[in-house]
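1. Just a sequence and a predicted model for now, questions to come.
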Amino acid sequence: GGFDFQLITKLSFKLSYHFAKNVSMFSLSQSKIFKKNFPKAKVNVINLALKEFGKSEIDKPKEKIKFLSFGVINYSKNIELLIRAACNIYEKGYRNFTVSINGRCENWDFYLEKIKYPQIFESDIRIIENDEIADLFSSSHYFVQPYRHVSQSGAMKVAFYYNLPVIATDFPGFSDELIEGTNGYLFESENLNQLENLLIKIIDNHTLEYDSLCKRMKMHTTEQYSPVKLAAKYLNMFNRIVDDAK
């Protein structure tokens, strides 16, 4: 039989980390898991830099609130929960919103049959090119991630860069960096009722709260993710390692 490369890779990592004195990680939740397995290591948590895809001249629509879904569509992303929630609040009389679904999908028919009211949905089901991403985020109000499971999200970092408040499930991969009322809102995974209520609350309070939410988010993002701040954190980490080695 051939080599089990996955097993060899796993063992190699385990062996390497066993002897590692200092490790840098990008999320608090992952660092806790790592610390449990390798208690002797010093773990430094430094946020991953934001993802940027150029500038956009497009403005957000004024007449409707746009909820954006972006990325490969599959079971773990749970986009059907967002579709169901949107259809339900439409049935409750809400008309001033749009759900924009963008990304590659192998079984779009499965999702399409759940869209009872096509008039509140925009869908672009294909690989979205990098040079289209800035316009997509800049022309939306909120970024929605109703995932079933997540470790960490690159797409959320795109939303942070374009100052788009995030609505996401309350997994550590999101809640590590998402602060309620500062850069978005969390809801319980698979909880349709909670997502519906959250969307209704956001729609009802949009004109009063959206601008101030975006201001708070911008301040927080600058504080946590500016290249100068991240560079300073890495410098502090290296200085600590050098001091410990003396």
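-> Structure received.
2. For the longest helix seen in the chain, buried residues please.
-> Secondary structure of the chain per DSSP state H: the longest helix is helix 192-225. Residues 192, 194-196, 198-200, 202-203, 206, 210, 213-214, 217, 221, 224-225 are the ones in helix 192-225 that count as buried (16 or more other Cβ atoms under 10 Å). C-betas here are computed from N, CA, C, even on glycine.
3. So what would you say the end-to-end distance of stretch 120-137 is?
-> By Cα to Cα, to the nearest Å, the extent of stretch 120-137 from end to end equals 18 Å.
4. all strands in this protein, in order from the N-terminus.
-> 22-25, 42-45, 65-70, 97-102, 121-124, 142-145, 166-169, 184-187 (DSSP state E).
5. Looking at the second one now, give me its mean pLDDT.
-> Looking back up the chat, that one is strand 42-45. On average, the pLDDT along strand 42-45 is 58.
6. and if you look at the fifth one?
-> The predicted model assigns strand 121-124 a mean pLDDT of 97.
7. Show me what that strand is packed against.
-> Packing partners of strand 121-124 (3 or more Cβ pairs under 8 Å, 6 or more residues apart in numbering; DSSP states H and E): strand 97-102.
8. now for the strand it packs on, which elements pack on it?
-> By 3+ Cβ pairs under 8 Å, 6+ apart, strand 97-102 packs against strand 65-70, helix 79-91, strand 121-124.
9. Out of the ones you listed, which is the most enclosed?
-> Greatest average neighbour count among the helices and strands packed on strand 97-102 goes to strand 65-70 (a mean of 22), per mean count of other Cβ atoms under 10 Å.
10. Next, the angle from that one to helix 79-91.
-> Angle between the axes of strand 65-70 and helix 79-91 is 170 degrees (criterion: axes from the mean of the first three to the mean of the last three Cα atoms, to 10 degrees).
11. Show me what stretch 132-145 is in contact with.
-> By Cβ atoms under 8 Å, 6 or more residues apart in numbering, the residues outside stretch 132-145 that reach it are 53-56, 58-61, 65-70, 77, 82, 99-100, 102, 128, 153, 155-156, 158-159, 161-162, 164-169, 174, 184, 202, 206, 210.
12. residues of it that come out buried?
-> Across stretch 132-145, burial judged by 16+ other Cβ under 10 Å covers 133-145.
13. Quick one: mean pLDDT over that stretch.
-> Mean predicted confidence for stretch 132-145 is 97.
14. how far is that stretch from where the chain is centred?
-> Centroid separation for stretch 132-145 versus its chain: 12 Å, with Cα atoms, centre = their mean, to the nearest Å.
15. pretty sure Leu213 is touching Val166, no?
-> No - counting by Cβ atoms under 8 Å, Leu213 does not reach Val166; the two are 11.0 Å apart.
16. picking that back up, please indicate which of the contacts of stretch 132-145 are buried?
-> The neighbour-count test (16+ other Cβ under 10 Å) applied to the contacts of stretch 132-145 identifies 53, 65-70, 77, 82, 99-100, 102, 128, 153, 155-156, 158-159, 161-162, 164-169, 174, 184, 202, 206, 210 as buried.
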